[in-house]
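Novice: Sequence and predicted structure below; questions after.
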Amino acid sequence: MAKAIMIQGTMSNAGKSILAAGLCRIFKQDGYRVAPFKSQNMALNSYITREGLEMGRAQVVQAEAAGTEPSVLMNPILLKPSSETGSQVIVNGEVWRTMSAREYFKIKKTLIPHILRAYEELAESYDIIVIEGAGSPAEINLKADDIVNMGLAKLLDAPVLLVGDIDRGGVFAQLVGTVMLLEEEERRRIRGLIINKFRGDQTILNPGIEMLQRYIPNPVVGVVPYMDLDIEDEDSLSEKLENRGKQAPVDIAVIRFPRLSNFTDFDVFSQRKSMAVRYVSRPEQLKTPDMIILPGTKSTVSDLLWMRQNGLEAKIQRAAEAGTIVLGICGGYQMLGESLRDDLGIEADMPEGKTQIRGMGLLPIRTEFCREKTRTRKQGIIGSTSGRLSALEGAAVSGYEIHMGESSGEVGWISLADAKQDGCCLGNVYGTYLHGFFDSAQIMERLEAILLAEKGMTPDAAGQWDRNAYKEKQYDRLADTLRAHLDMEAVYGMLKG
């Protein structure tokens, strides 16, 4: 059976996911068969496996770093928030039910057998499993029914590394407070502390580390610097959504829906110096981009009405009329159509007494929501294409679909390998159900050339769109940094017990 090590954090976004990915990469480099595991993930960024099962993207990233195929065994429970107090509960990759938080907390311990079966199946095939916790283990109102932090560590008898985020300040209070709120048995499980996202001169930090040990006995096994890496981030707190930094000739505006999902679709733009993404949530932020993207969303109707109420819908419609490229993916594609119909009550935020609302009217399609969730991977070829993106015609594309509705009308922009059709285009407005659309090398090379040519520019160089090779370099950089700043001898000692 595999050895296990667990990464827990003092709070959300402390860096658990990235550190787990880094350890997966190190263990792979050292010749071990390694897999990630997270018993329960809450995220709107999800992924479809080869088997058509749905899992959180953090474990996909970690599996890539480990050099292994993503499997739903790595994330047996996925919660996808659908409202302020409710989530779609996905168990073993399939929709189980939609529940309020209160309902879920009452029954979640009944899911432990699913968690243990998934873990045990992984443990039979791998040497090391890197387990990721969620949020903080010191949420004292939730501890009694915990299945993802110390509760899971106890079930699996896993040693724990506790991570604190110094970039936000208060890291010593984070670490001491978290440890002090744990039971004695739980404190003993913490074999080491990691201070993450450090900037500056560590000699200034060292006296604080020495004083920290007066309050808690757990040793500090690493001070990890703030890392400038381009690795997918599934967290809604991601800095990528804050429009920091990058300026480039090509300006791409992505609508930041309240229930934005799969924003990792746009990570590929960071690979080229000529293209920059801005996330837009107010009309005055839209300005005059070269392209507007309506991304995926967990609540299509709710987010369309949000745009209608705050004025973004009208602004996008005017931009489309003026010739701006507008492209929708999944829920964003559905919004671009003429109507959205929900006779079955799938979308919780449909206006009272209505089963249908108008869409944005930019594409000649109609969407009807259905109970069966589409989960599939697809490959295809871009067909006849109108407007400014006509040079995409004939490009190969691949990706995956995750949606609850079906669209009809003038569908057929993309010819899929299974003889079906996807997407629609009219003028300079385009839509597709395919997440990962921009990961296609042919799509991105041609798109960049189109948008730069309109500015009298050309791409820096050809042949740089090997997305997988680019990600591999990022994982290696991550591993190199962790090796330099973590006591890996201590980490291996924890694995040996």
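Specialist: Everything's here; your move.

Novice: Just give me how far stretch 362-379 sits from the chain centre.
Specialist: 21 Å (CA atoms, centre = their mean, to the nearest Å).

Novice: Pull out the buried residues from it.
Specialist: Within stretch 362-379, the residues scored as buried using 16 or more other CB atoms under 10 Å are 362-363, 365-369, 373-375, 377-378. In short, each C-beta sits where N, CA and C put it, glycine included.

Novice: List just the nearest of those to residue 67.
Specialist: Lowest distance from residue 67 to the buried residues of stretch 362-379 (CB to CB) belongs to residue 377, with 19.9 Å.

Novice: For that closest one, which non-adjacent residue is spatially closest?
Specialist: Closest residue in space to residue 377, ignoring its immediate chain neighbours: residue 400 at 4.7 Å, by CB to CB, 6 or more residues apart in numbering.

Novice: which stretch of helix or strand covers that neighbour?
Specialist: Per DSSP states H and E: residue 400 is located in strand 396-409.

Novice: and that strand, how far from the chain's centre?
Specialist: The answer for strand 396-409 is 18 Å, by CA atoms, centre = their mean.

Novice: The residue nearest to residue 377: how many residues sit nearby?
Specialist: Residues near residue 400, counting by other CB atoms under 10 Å, number 22.

Novice: Just send the buried residues of stretch 362-379 back as CSV, with distance to residue 141, secondary structure and pLDDT too.
Specialist: As requested, those are arranged in CSV below (distance: CB to CB, whole Å; DSSP: H, G, I helix; E, B strand; the rest coil; pLDDT from 0 to 100):
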residue, distance to residue 141, secondary structure, pLDDT
362, 46, coil, 98
363, 46, coil, 98
365, 45, strand, 98
366, 45, strand, 98
367, 40, strand, 97
368, 41, strand, 97
369, 35, strand, 95
373, 32, strand, 92
374, 37, strand, 94
375, 34, strand, 94
377, 40, strand, 95
378, 43, strand, 96
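
Novice: mind putting those residues in TSV, distance to residue 460 included?
Specialist: Converted to TSV, the buried residues of stretch 362-379 look like this (distance: CB to CB, whole Å):
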residue	distance to residue 460
362	33
363	33
365	37
366	42
367	39
368	44
369	43
373	41
374	38
375	37
377	31
378	31
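
Novice: Counting by contacts, list what the longest helix seen in the chain packs against.
Specialist: As assigned by DSSP state H, the longest helix anywhere in the chain is helix 467-485. With contacts defined as 3 or more CB pairs under 8 Å, 6 or more residues apart in numbering; DSSP states H and E, helix 467-485 has these neighbours: helix 16-29, helix 57-66, strand 220-225.

Novice: among the ones you listed, which is nearest residue 137?
Specialist: helix 16-29 (11.1 Å).

Novice: so how far is the very next helix or strand once past the closest one from its chain's centroid?
Specialist: The C-terminal neighbour of helix 16-29 among helices and strands, as given by DSSP H and E, is strand 34-37. Here the centre of strand 34-37 is set off from its chain's centre by 17 Å, with CA atoms, centre = their mean.

Novice: Give the partner strands of strand 34-37 in its sheet and their orientations.
Specialist: Within its sheet, strand 34-37 is paired with strand 128-132 (parallel), according to DSSP bridges.

Novice: Just want to check the distance between the residue of the chain positioned farthest from its centre and residue 326.
Specialist: In the chain, the residue that sits farthest from the middle, by CA atoms, centre = their mean, is residue 214; the gap is 38.3 Å. According to CB to CB, to the nearest Å, residue 214 and residue 326 sit 59 Å apart.

Novice: Over to residue 299?
Specialist: From residue 299 across to residue 326, the span is 20 Å (CB to CB).

Novice: More neighbours: which of those two?
Specialist: residue 326 (26 against 21).

Novice: Please give the element, helix or strand, for that one.
Specialist: For residue 326, the host element (DSSP H and E) is strand 325-329.

Novice: Let me see the residues that make contact with the following helix or strand past that strand.
Specialist: Scanning forward in sequence from strand 325-329 by DSSP H and E, the next helix or strand is helix 331-335. When contacts are defined by CB atoms under 8 Å, 6 or more residues apart in numbering, helix 331-335 is touched by residues 255, 257, 261, 293-300, 303-304, 307, 328, 340, 359-360, 363, 367, 403, 405, 407, 423-424, 431-433.
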